[in-house]
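>>> Next comes the sequence, and after it the predicted model I'd like to discuss.
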Amino acid sequence: MMVKIFGVTILALLNWGGTGEPLVGQEVAWQEAKVFAVPTQGDPTIDKIIDNYLDRLESLGYERQRQGIWLQSEWAYLGYNQGESAFPAASLTKIATSVAALDKWEPNHRFITRFYTDGPIRNGVLQGNLFIAGDNDPLFVWEEAIAVGNALNRLGIREVTGDLVVVGNFAMNFKADPAIAGALFTQAVDASQWSAMVDKAFRDLPPDTPRPAVKIAGAVKAQAVLPPNLEPLLEHQSLPLAALLKQMNIYSNNDMAEMLAQAMGGAAIVAQTTSRLGVIPAAEIQLQNGSGLGVDNRLSPRAVTKMYQVLAQQLQPHGLGIDDIFPVMGRDRRGTLEWRSMPQGLTVKTGTLNTVSALAGIIPTQERGIVWFTIINNGPNFDRLRVEQDRLLQQIAEHWQVLPETLNAGPMDKVLLGDPARNLTPQSSES
């Protein structure tokens, strides 16, 4: 794991519910402990870098009071501008969704999609209906369905005479409408119906993966509950929650974020949970959804920083770090970081709307240890704002010397879509 966060419990001592912004360089706590070599005072050079950044934005036509910044180490506040003001924060909202998800479930939690039948299997034919009972898996995609189709083939099923019946919260390729999700599943488990898109997903699987052949003769139907006396066929396990969060955050997937938020009870529960865990004033975390779509999702830079610190506390007992569920510059080259020019080794989350460009994360530095930062820019031309954000982080990194980071794959990078081992029959799940 690349980023180890120490002393995160110290940050719980911050008076997050207080009024007034801290003095830059204000000591956070226990500053007299000589064992800690990290400076606890402010840094005039960083003050100047941030001031120059804001001056440059003003020269480009961006109002200074609409630009939010929060910068702190484990031991000191290092810079801010409108730090307690709640701004439209775009996909930084997904940090709150990650916090709430890890409060509800363990990082290794898996969502189980179950398959049942009401008829016998004879000579490769399931003489009855095939039931799918969903459990909020937010990443049941082509690869996963192909693996399920192959598992059904191994059970001796090559044809279903009845209907495909969808029950519960089942989504396929982020489509939650039962008719659409069921039709996509029907296509995925029968290679003779594949489009070029399905075939492309198949080619990303291991080369020895078979092409499934399960023909479902009937229609796709939806039911509210499962009927009694069904025969269980298969349990499909999702990727572990930590891996799901990483995929959500790397690609800033709005559908995944909203599905997870709804599984927790909605945006209000996400906001309440995050506010409680981070001791964040409710005024600084105002959510209408779990994804960040729309300008009514508002977060303060201070609140976003605190959410990262809460995540570090949640992950540490499981041997995981922030870098295990968020993209790292230089390692995760796809997704939201593909065209960015930040220093390598920074773990970040981006956020973009037409009039918002946001960025938050951690900088591992030689001089200050872990530095937490949040930037929320409001104004048009997010491409220009991204360039200025990257330039600011380059200047901070040059001054404090970013620690060299190995960019090796972490444990959540080794969990693969379409893994047949995550499809369990009743016999294998009991053994």
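Here it is on my side, so go on. Numbering: from 1, shown residues only.
>>> how is this protein carved up into domains?
Segmentation of the chain into domains, based on automatic domain parsing, reads 8-107+243-400, 112-238.
>>> ok, residue 259 - contacts?
Shown in contact with residue 259 (C-beta atoms under 8 Å, 6 or more residues apart in numbering): 136, 138, 169, 171, 174, 176. For the C-beta atoms, the positions are set from N, CA and C on the backbone; glycine is no exception.
>>> Next SSE downstream of the helix or strand harbouring it?
In this assignment (DSSP states H and E), residue 259 forms part of helix 254-263. Next in sequence after helix 254-263, counting helices and strands by DSSP H and E, comes helix 267-278.
>>> Not counting that following helix itself, show me its contacts.
16, 96-97, 99-100, 103-104, 261, 264, 280-282, 285-290, 297, 303, 306-307, 309-310.
>>> What segments of this protein are helices?
44-59, 93-104, 142-154, 178-188, 196-203, 241-251, 254-263, 267-278, 301-315, 382-400, 426-430 (DSSP state H).
>>> buried residues in the fifth one?
Buried residues in helix 196-203, counting neighbours by 16 or more other C-beta atoms under 10 Å, are found at 198, 201-202.
>>> so which of these comes closest to residue 422?
Proximity of these to residue 422 (C-beta to C-beta) peaks at residue 201, which lies at 16.3 Å.
>>> ok, the residue nearest to that closest one when sequence neighbours are not counted to residue 413 distance?
Among residues not flanking residue 201 along the chain, residue 142 sits closest, at 3.7 Å (C-beta to C-beta, 6 or more residues apart in numbering). With distances taken as C-beta to C-beta, to the nearest Å, residue 142 is found 20 Å from residue 413.
>>> so where's the stretch 1-150 of the chain uncertain?
The model of the stretch 1-150 of the chain has pLDDT under 70 over residues 1-40.
>>> all strands of it, in order?
67-73, 77-81, 87-88, 112-117, 121-122, 125-126, 130-135 (DSSP state E, counting those that start in this stretch).
>>> Partner strands of the second one, with direction?
I take that to be strand 77-81. In the sheet, strand 77-81 lines up against strand 67-73 (antiparallel) (DSSP bridges).
>>> Using the centroid of the protein, identify the residue furthest from it.
residue 123 (43.9 Å; C-alpha atoms, centre = their mean).
>>> which residues touch that residue?
Per C-beta under 8 Å, 6+ apart, neighbours of residue 123: none.
>>> Show me what residue 175 is bridged to.
Beta-bridge partners recorded for residue 175 (DSSP bridges): residue 172.
>>> starting at the chain centroid, how far to stretch 72-82?
Here stretch 72-82 shows a centroid-to-chain-centroid distance of 25 Å under the convention C-alpha atoms, centre = their mean, to the nearest Å.
>>> about what we covered before: looking at residue 142 and residue 413, which one has more neighbours?
In this view residue 142 and residue 413 are compared by other C-beta atoms under 10 Å, and residue 142 has more residues nearby, 25 against 13.
>>> winner for burial among the strands of the stretch 1-150 of the chain?
For the strands of the stretch 1-150 of the chain, the largest average neighbour count (mean count of other C-beta atoms under 10 Å) is found in strand 67-73, namely a mean of 25.
>>> now that one against helix 382-400, angle please.
If you take axes from the mean of the first three to the mean of the last three C-alpha atoms, to 10 degrees, strand 67-73 sits at 20 degrees to helix 382-400.
>>> what does strand 67-73 contact?
With C-beta under 8 Å, 6+ apart as the criterion, strand 67-73 contacts 28, 38, 46, 50, 53-54, 57, 77-83, 85, 87, 300-302, 304-305, 368-378, 396.
>>> Also stretch 391-406?
Residues from elsewhere that reach stretch 391-406 (C-beta under 8 Å, 6+ apart): 2-3, 43, 45-46, 49-50, 53, 71, 328, 330, 341-346, 359, 363-368, 371, 373, 375.
>>> Using neighbour counts, trim these to the buried set.
2-3, 43, 46, 49-50, 53, 71, 328, 342-343, 345-346, 359, 363-365, 368, 371, 373, 375.
>>> where does the residue lying closest to residue 327 once chain neighbours are set aside sit relative to residue 377, distance-wise?
Closest residue to residue 327 apart from its sequence neighbours, by C-beta to C-beta, 6+ apart: residue 250 at 4.6 Å. Using C-beta to C-beta, residue 250 is found at 22 Å from residue 377.
>>> And these two? Which one has more around it.
residue 377 (24 against 20).
>>> Next up, the contacts around the more buried one.
Here residue 377 is in contact with 57, 62, 66-68, 356-358, 385, 388-389 (criterion: C-beta under 8 Å, 6+ apart).
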